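1. Let's see this in three dimensions:
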Amino acid sequence: MRIIAESSPAGHRRAVDFCLNPAWLPFAAFAARQIALLPGQQNFDICIASTEHLTLPESLKNLGFRVLQIDVGSMLAEQDTATRHGDAAYLRLAIPDLMKDDYDRVLYLDSDIFVHGGDLNTLFDVDLGGLCLGAVRVVTQWGSPDRQRHEFSALGLPPAPYFNSGVLLIDVPAYRKAEVTRKALQLGAEKGHLLKSHDQSLLNVCLYRAWAELSPVWNWQWYVKAPFFEALAAPNIVHMIGPVKPWQEPGRACMSLVYRKAYASFLAAFFPEVHRVPQHAPERMRKGWWWLLVGLRHVLRRRSLLRYLDRFPTETTVRLP
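-> Got it, this is the predicted structure:
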């Protein structure tokens with residue numbers, strides 16, 4: 001595993017890092033540009049990494065992104081890479097080892113995020129209590145913290161906090177000392193057939209009860225059955241989990257025009273060749289009864305969600321296991 005091409009050397013000791021295949025470059029570039037245009041001085045690099053060659057539009061190169069091509073060698077030979085992201089999904093496992101000489105902390109981000117704001121310099125500074133990774137719980141545990149996950153059940157582990165791997169704050173020296181990459185790849189080779197969420201499953205099992213919990217404002221997982229809770233938290237980063245994406249033609253899908261217009265404008269300006277495929281949500285989303293159920297869900301779950309949000313009085317609150 002090694003870096004075989006890079007557009008520039010490291011400029012800071014911290015980095016925001018996207019890992020992707022070329023098909024996801026326009027959407028990662030959208031989020032990377034949002035971060036580059038945040039107010040204030042950035043004390044971190046913005047990296048975009050892939051196992052394949054990436055070419056940014058000339059009009060984005062002035063933002064100073066560090067574009068990397070990675071040769072993973074035989075690292076993924078025994079892993080299930082049959083995901084929509086392919087082998088790029090597993091790159092996040094190895095980034096701390098690959099970039100150990102360049103960075104002390106890495107903020108890994110999925111490509112399907114929307115950045116509203118937030119001070120990333122401050123996020124990089126949070127105390128992880130000696131643990132190697134900070135993350136946000138998966139949305140299904142926000143109101144039901146004891147909900148069991150299939151990975152833990154399949155491996156005979158009791159219910160425990162489980163994180164979404166779309167936003168990961170990684171302490172590089174601690175991560176390497178814990179040998180997370182080696183343990184995750186070994187687990188995938190031996191028991192990957194029992195796990196459903198690929199690299200996310202591997203990280204959660206390897207770091208079972210050994211990760212720091214961040215505020216959900218850093219990974220607000222937007223999903224169609226509870227779209228209005230977002231207003232309660234004013235998140236810094238919205239993560240578009242699930243099949244409905246804001247860059248797709250709306251079809252019957254319901255997603256705020258704030259997101260759709262932003263992506264449409266960006267793609268027209270920088271990636272006009274991207275074909276926006278219509279996203280057809282189930283017909284029930286056109287029915288009044290479906291919206292009644294969505295509203296009822298918000299009413300019934302408001303207390304549990306507010307209890308969850310109360311656990312994070314500030315954006316930089318960290319809860320340790």
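2. How about the spatially most central residue of the chain, nearest residue that isn't a chain neighbour?
-> In the chain, the residue lying closest to the centroid (C-alpha atoms, centre = their mean) is Gly166, at 1.7 Å. Among residues not flanking Gly166 along the chain, Asp110 sits closest, at 3.8 Å (C-beta to C-beta, 6 or more residues apart in numbering). Glycine gets a C-beta too; all of them are placed from N, C-alpha and C.
3. Could you report the neighbour count for the one you found?
-> 25 (other C-beta atoms under 10 Å).
4. Could you do Val205 as well?
-> There are 22 residues near Val205, going by other C-beta under 10 Å.
5. swap in Pro272?
-> By other C-beta under 10 Å, the burial measure for Pro272, its neighbour count, is 8.
6. One more: His198?
-> Neighbourhood size, His198 [other C-beta under 10 Å]: 19.
7. where does it land on pLDDT?
-> His198 is assigned 82 on the pLDDT scale.
8. Please verify my assumption that it contacts Ala88.
-> No. Judged on C-beta atoms under 8 Å, His198 makes no contact with Ala88 at a distance of 11.2 Å.
9. Can you identify the element that follows the helix or strand containing Lys261 toward the C-terminus?
-> Here Lys261, judged by DSSP states H and E, is contained in helix 257-270. Going down the chain from helix 257-270, the next helix or strand is helix 288-310, by DSSP H and E.
10. Same question for that following helix: list its buried residues.
-> The neighbour-count check on helix 288-310 (16 or more other C-beta atoms under 10 Å) flags Trp290, Val294, His298, Arg301, Leu305, Tyr308, Leu309 as buried.
11. Equivalent analysis for stretch 58-73, please.
-> Buried-residue list, stretch 58-73, by 16+ other C-beta under 10 Å: Leu60, Phe65, Arg66, Val67, Leu68, Gln69, Ile70, Val72.
12. Can you pick out the most distant pair from those residues?
-> Leu60 and Val72 (25.6 Å; C-beta to C-beta).
13. Show me the shaky parts of this structure.
-> Across the chain, residues meeting the criterion (pLDDT under 70) sit at 76-86, 250-254, 277-282.
14. how about the strands in it?
-> Using DSSP state E, the strands of the chain run over residues 2-6, 14-19, 45-50, 66-71, 105-109, 113-115, 133-137, 163-171, 212-213, 220-222, 237-240.
15. orientation of the longest one relative to strand 105-109 in degrees?
-> Taking axes from the mean of the first three to the mean of the last three C-alpha atoms, to 10 degrees, strand 163-171 and strand 105-109 form an angle of 150 degrees between their directions.
16. hmm, back to that, quick one: residues in contact with the helix holding Lys261.
-> Here helix 257-270 makes contact (C-beta atoms under 8 Å, 6 or more residues apart in numbering) with 26-27, 29-30, 33, 57, 59-60, 114, 238, 240, 246-247, 250, 274, 276.
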